[in-house]
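Chemist: Generate a structure from the sequence data that follows.
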Amino acid sequence: MRPTNPQPALNAAEQKAIILREGRRVTSYDVALVAGVSQSAVSRCFKPGASVSKSTYARVMKAAEGLEYIPNAAARSLITRRTNIVAIVVSHSSMLYNPAALSELSQQLNRRGKRALLFTMQHEGEIEGILNDLWQFQVDGVLAASSVSAAHVAEFKRRQVPLVVFNRNLRDLDVNSVMCDQRDAARVLVNRLADAGHRQLAIIAGPSLNSIAQERLQGGLDRIAELGLPEAPVFHGNFDYASGVAGLHELIARIGKVPDAVVCGNDAMAMGCVDAARQHLHIDVPSGMSVVGFDAVEGSNWLSYELTTMRQPLHKMSAAAADLLCNLIEADSDLGEIEKRVFAAQFVEGETARLVARAAALAA
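Modeler: So this is what the prediction gives:
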């Protein structure tokens, strides 16, 4: 029977030689033996926030370094009943055209002692196809950058797996969520264009099955109607550069003239629209036609574009989502009332839209 508080009999090098001779991995018992502490003390030293004295911590870390000890996460999960793994569920298009969101979520989870396990779907809302994988990996919680149904939410509750929906507006579902107000962001863009005298707007929207694309589209259409502007034709793209190119050509053919401005559902499509205007159709942007986008992604501020766009506060949103999910995990049960945290996007005044100063527009 192993002693509960072993006394150091060997130094790290001697103990390591024994381990190599026996052909096994270094365990917490080996660290405890060299450090002269109990195995539970070793475990506490590797558990964030656990109570342990400075001297004990220093002895354990010195022994662990000498033995090249790495804690066994699988073994620890058997004791804590947690894997410290959080699943992030995203669609292929979200990951491809807005990778900053995925990076921010991963970093925020890492700062809270969690590790991200990525699950991707080809299209928005296909979470049904990966649910079995989620259950098999026994993740502590899920951040879903995807639409979910009432049945999905009920299944998460039944299995007691905390769920936070990221950047999706699921008004009618009792599910914790963190989101940017996409409709309001679209209304801001339309307002700024209308204030500057733009009348005929056209829209290059994202995929019809993508909830963010639809929120942005509906927000823009609603505001156009409220302002009494001419009906805006809509081209449905795929959030990619090629959609911006094809969309502009089709919209001009449909209207029979160059629109005053094109509102694009994301920056990739806005960049395609700008290039098609300048390179294919010899339209000057912004004097001949304004172009605006969404997301302020890497590249949108390059000198060849300097897009007028909307920036989502991804850092704040990701921190809020990680906090909310980690609180749910630590509570080991529902926290009571459902939380829906909403953030506002920031207007980025680039060089692809003819605008007037907001103060002047309000005074007119």
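Chemist: alpha carbons only for contacts and neighbour counts from here, please
Modeler: Will do.
Chemist: List the buried residues for the longest helix along the chain?
Modeler: Looking across the chain with DSSP state H, the single longest helix is helix 314-331. Buried residues in helix 314-331, defined by neighbour count with 16 or more other Cα atoms under 10 Å: 314-315, 317-322, 324-326, 328-329.
Chemist: Distance to Glu68 added to these, as TSV?
Modeler: Listed next are the buried residues of helix 314-331 as TSV, based on distance: Cα to Cα, whole Å:
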residue	distance to Glu68
Leu314	38
His315	35
Met317	38
Ser318	34
Ala319	33
Ala320	36
Ala321	35
Ala322	31
Leu324	35
Leu325	33
Cys326	30
Leu328	34
Ile329	31
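Chemist: Report the two of these separated the most.
Modeler: Maximum pairwise distance in the buried residues of helix 314-331, criterion Cα to Cα, is 22.1 Å, between Leu314 and Ile329.
Chemist: quick one on the thing from earlier: next secondary structure after the longest helix of the chain?
Modeler: Counting by DSSP states H and E, the next helix or strand C-terminal to helix 314-331 is strand 340-343.
Chemist: Listing partners with orientation, what would you give for that following strand?
Modeler: If you go by DSSP bridges, strand 340-343 pairs up with strand 176-180 (parallel).
Chemist: ok, residues contacting the strand it pairs with?
Modeler: 163-169, 312-313, 317, 320-321, 338-345 (Cα atoms under 8 Å, 6 or more residues apart in numbering).
Chemist: just stretch 106-126 next, same as before
Modeler: By Cα under 8 Å, 6+ apart, the residues outside stretch 106-126 that reach it are 48, 84-93, 127, 130, 146-148, 209-211, 318-319, 322, 326.
Chemist: returning to that earlier point: for PyMOL, what selects the buried ones among the contacts of strand 176-180?
Modeler: Buried residues among the contacts of strand 176-180 (16+ other Cα under 10 Å), as a PyMOL selection:
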select buried, resi 163+164+165+166+167+168+169+312+313+317+320+321+340+341+343+344+345
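Chemist: now stretch 132-147, how far from the centre of its chain.
Modeler: Centre-to-centre, stretch 132-147 and its host chain are 15 Å apart (Cα atoms, centre = their mean, to the nearest Å).
Chemist: Contact partners for Gly299?
Modeler: Tyr305.
Chemist: average pLDDT for stretch 200-207?
Modeler: Stretch 200-207 shows an average pLDDT of 97 in the prediction.
Chemist: how far does that stretch sit from the chain's center?
Modeler: 24 Å.
Chemist: ok, now stretch 44-55?
Modeler: Distance of stretch 44-55 from the chain centroid (Cα atoms, centre = their mean) equals 32 Å.
Chemist: Quick one: residues in contact with that stretch.
Modeler: Defining contact as Cα under 8 Å, 6+ apart, one finds that stretch 44-55 is touched by 41, 57, 60, 71, 113.
Chemist: how about that stretch: buried residues?
Modeler: Using 16+ other Cα under 10 Å as the test for burial, stretch 44-55 gives Cys45.
Chemist: for it, how far is the first residue from the last?
Modeler: 13 Å (Cα to Cα, to the nearest Å).
Chemist: Equivalent analysis for stretch 105-122, please.
Modeler: Stretch 105-122: ends 20 Å apart by Cα to Cα.
Chemist: quick one on the thing from earlier: the contacts of stretch 44-55, buried ones only, as a PyMOL selection?
Modeler: Paste this into PyMOL to select the buried members of the contacts of stretch 44-55, with burial taken from 16+ other Cα under 10 Å:
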select buried, resi 41+57+60
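Chemist: Which parts of the stretch 151-300 of the chain are helices?
Modeler: Here the stretch 151-300 of the chain has its helices, by DSSP state H, counting those that start in this stretch, at 182-195, 211-226, 241-255, 267-275.
Chemist: Quickly compare those helices and say which is most buried.
Modeler: helix 267-275 (a mean of 27; mean count of other Cα atoms under 10 Å).
Chemist: and that one, what other elements does it pack with?
Modeler: For helix 267-275, the elements it packs on are helix 241-255, strand 290-292, judged by 3 or more Cα pairs under 8 Å, 6 or more residues apart in numbering; DSSP states H and E.
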